[in-house]
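K.L.:
Predicted coordinates and the sequence they were generated for:
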Amino acid sequence: MEEGKGFKFYEMLQKIKKTAIRLHIMSETVDGVPRPGIMALRRIKKAQLMGEKIKISDLSRFMNVSKPAITLMITDLEKRGLVERIYDKQDRRRIFLNLTEKGEEFVEKSEEEANHFFSKILEQLGENDSDELLRIFEKLGNILEEICEQKKNEQNSRKDDN
């Protein structure tokens, strides 16, 4: 492989990341809901679609945010009528999160807006380039997942050796 290509790839990723952060800051909220709240709502929706129950601690791990911060976020989303807490009948200490009908509509709207935004980008690339980009991103995602799994296995192996 051509020398310096790895660094060029790294620089391009950094440029994309920096621009994505700028875009993210420029559109900090959707209908007054901060981006982290939108991310939380989307994760709750995904769990519901998979038939899973999700707790604040699950959301905390997924978003890599402290439980107190997630609790504050959920309280805000609850006040907006987007999410509700469901108490486990056997153990009231266990609290699950559920989207309300308003929350489901909100997530659907935000996903439509995201789809529209990214569709415009792909449209500017043209059909062939956008198809190729999606193919490469899928391949890159798979490679990164494999690398993460290898690193996880290596770490577990080292723990077992100690």
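P.N.:
Structure's in. What do you need?
K.L.:
got the residue ranges for the helices in this structure?
P.N.:
5-26, 35-49, 56-63, 67-79, 101-125, 127-161 (DSSP state H).
K.L.:
okay, those in TSV with mean pLDDT and distance to residue 91 next?
P.N.:
From N, CA and C alone the C-beta is placed, and that goes for glycine too. Listed next are these as TSV, based on pLDDT from 0 to 100; distance: least, C-beta to C-beta, whole Å:
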stretch	mean pLDDT	distance to residue 91
helix 5-26	82	38
helix 35-49	92	19
helix 56-63	91	14
helix 67-79	94	17
helix 101-125	91	24
helix 127-161	90	31
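K.L.:
closest to residue 85 out of these?
P.N.:
Residue 85 lies closest, by C-beta to C-beta, to one member of the helices of the chain: helix 67-79, at 6.8 Å.
K.L.:
ok now the closest one, how far from the chain's centre?
P.N.:
17 Å (C-alpha atoms, centre = their mean, to the nearest Å).
K.L.:
Just the C-alpha atoms of it, please, in PDB.
P.N.:
Output of helix 67-79 as PDB, limited to C-alpha atoms (Å, rounded to 0.1, in the frame of the first residue of the first chain):
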ATOM      1  CA  LYS A  67     -26.700   7.800  35.500                       C
ATOM      2  CA  PRO A  68     -27.400  11.100  37.200                       C
ATOM      3  CA  ALA A  69     -27.100  13.000  33.800                       C
ATOM      4  CA  ILE A  70     -29.300  10.400  32.100                       C
ATOM      5  CA  THR A  71     -31.900  10.700  34.900                       C
ATOM      6  CA  LEU A  72     -32.000  14.500  34.400                       C
ATOM      7  CA  MET A  73     -32.400  14.000  30.600                       C
ATOM      8  CA  ILE A  74     -35.200  11.500  31.100                       C
ATOM      9  CA  THR A  75     -36.900  13.800  33.500                       C
ATOM     10  CA  ASP A  76     -36.900  16.500  30.900                       C
ATOM     11  CA  LEU A  77     -38.100  14.200  28.200                       C
ATOM     12  CA  GLU A  78     -40.800  13.000  30.500                       C
ATOM     13  CA  LYS A  79     -42.000  16.600  31.200                       C
END
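K.L.:
Can you list the buried residues in stretch 63-79?
P.N.:
If you call a residue buried by 16 or more other C-beta atoms under 10 Å, then stretch 63-79 has these buried ones: 65, 70, 73-74, 77.
K.L.:
and the gap between the closest residue to residue 80 other than its chain neighbours and residue 102?
P.N.:
Of all residues not flanking residue 80 in the chain, residue 33 sits nearest, at 6.8 Å (C-beta to C-beta, 6 or more residues apart in numbering). For residue 33, the distance to residue 102 (C-beta to C-beta, to the nearest Å) stands at 11 Å.
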